[in-house]
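1. Need the 3D shape of this:
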Amino acid sequence: MNLTEIDDQFTKQYKELLDIQYNIKAQLNTYSFDLNKNEITEAVLNRMGAFWHFNVNNNKDILDRKTNTTAADFFTETCLLFIKSYFENKHGLQVTSEKSLVRSRNSIRPDISIWRGEEVVAVIELKVNDGWKRKNMMEHLANREQQIKNCAPNAYFGVVSFWNFFEKKAPEWNKKYVGLLEWDEKSEKKHPPTGGLVENILKEIENIL
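-> Residues are numbered from 1 along each chain as shown. This next block holds a predicted model:
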């Protein structure tokens, strides 16, 4: 058995993911979402768990790599899949990622933007964690929101982070800012859920439609 034959199992499995994704999207096109449940949030957590199960163990145990694969793009793609399916199918809106809000070279390109024709209805920024900004993250988000409001004054602005860095007692919690899990390896339930739900962000957007 030569090298490509040894590796064939991996390449076949990886290519098959696209057909799986097509099939899932086709089912989501007719799925009856219920925002009073937490299944979108659970689906996001499950996908991210699968992503880290492979990448963390692959990097640590197999490759002896001293860093982890960046999760930001996968988190965006994961959230986009479900949010896109919900708003496009229920409300006939357009949901995209990295689209310029205005026609300009340096225009803002949000992680997720929701459109009604040429009108920006909502923007959702996505974070895996508070990154290198740490204590300055909330200031950064406030500045980001102002930049977006300058382009689309009536658009909703919200943020979803996988690892929570928001103050859960703040009035914006679970309405504008949502973090999904607490980073806490010592708790009885490792990395417990915060109670923040992606569904609550979607409800807020629906309220302005």
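2. which residues does the residue nearest the centre of the chain contact?
-> For the chain, Cys79 is the residue whose C-alpha lies nearest the centre (Cα atoms, centre = their mean; 3.5 Å). By Cβ atoms under 8 Å, 6 or more residues apart in numbering, Cys79 lies in contact with Val44, Asp111, Ile112, Ile124, Leu126, Val160, Val198. Backbone N, C-alpha and C define where each C-beta goes, glycine included.
3. Quick one: residues contacting the third one.
-> Going back to what we said before, that points to Ile112. Thr76, Cys79, Leu80, Ile83, Val95, Thr96, Ser97, Val123, Ile124, Glu125, Leu126.
4. what's the average pLDDT for stretch 18-38?
-> On average, the pLDDT along stretch 18-38 is 98.
5. repeat for stretch 137-157
-> For stretch 137-157, the per-residue pLDDT averages 96.
6. Show me which residues of the longest helix belonging to the chain are buried.
-> If you go by DSSP state H, the chain has its longest helix at helix 3-28. Using 16 or more other Cβ atoms under 10 Å as the test for burial, helix 3-28 gives Leu28.
7. For stretch 27-42, list the C-alpha coordinates in CSV.
-> In CSV, the C-alpha atoms belonging to stretch 27-42 read as follows (Å, rounded to 0.1, in the frame of the first residue of the first chain):
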residue,chain,number,x,y,z
GLN,A,27,-33.5,19.7,5.2
LEU,A,28,-33.1,23.1,6.9
ASN,A,29,-34.8,24.8,4.0
THR,A,30,-38.1,23.2,5.1
TYR,A,31,-37.4,22.9,8.8
SER,A,32,-39.9,24.4,11.3
PHE,A,33,-37.6,26.3,13.6
ASP,A,34,-38.9,27.2,17.1
LEU,A,35,-37.1,30.0,18.8
ASN,A,36,-38.7,29.1,22.1
LYS,A,37,-36.4,26.0,22.1
ASN,A,38,-32.7,26.1,22.3
GLU,A,39,-31.9,23.7,19.4
ILE,A,40,-30.0,26.2,17.3
THR,A,41,-27.7,26.9,20.2
GLU,A,42,-27.3,23.2,20.8
